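Undergrad: for reference, the sequence and a predicted model appear below.
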Amino acid sequence: MSEYVKGTHPRELPRPNRTFEEGRVCAHDSCETRLSIYNRSQSCWQHTPVRFPFVRGQRKRKAA
């Protein structure tokens, strides 16, 4: 009777998350929200402009 060991080869560690300056504050006037070191924006979530994602997919055909 043979025994088999199943596994994978060791791989590289994932790249560390990008971090930004610690102690930053929202750029909006009168907002004193401290930003996370992982937030690349200059403003907090309440003052960041709304952006709609570009959705890919099939376009609907015009009615004939």
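TA: Cool, got the structure.

Undergrad: low-confidence stretches in this protein?
TA: Applying pLDDT under 70 to the chain picks out residues 1, 58-59, 64.

Undergrad: what segments of this protein are helices?
TA: Counting by DSSP state H, one finds no helices in the chain.

Undergrad: can you point out the buried residues in stretch 13-28?
TA: Judged by neighbour count (16 or more other CB atoms under 10 Å), stretch 13-28 contains these buried residues: 24, 26. C-beta: built from backbone N, CA, C; applies to glycine.

Undergrad: what about that stretch, start to end distance?
TA: 38 Å (CA to CA, to the nearest Å).

Undergrad: same check on stretch 22-42?
TA: 12 Å.

Undergrad: go on, stretch 18-27?
TA: So stretch 18-27: terminal residues 20 Å apart, CA to CA.

Undergrad: can you give the contact residues for that stretch?
TA: Contacts to stretch 18-27, defined as CB atoms under 8 Å, 6 or more residues apart in numbering, come from residues 31-35, 37-40, 42-44, 47.

Undergrad: quick one: it to chain centroid distance?
TA: The chain centroid and the centroid of stretch 18-27 are separated by 15 Å under CA atoms, centre = their mean, to the nearest Å.

Undergrad: got it, and stretch 16-24?
TA: 13 Å.

Undergrad: from one end of it to the other, what's the distance?
TA: End residues of stretch 16-24 are separated by 21 Å (CA to CA).
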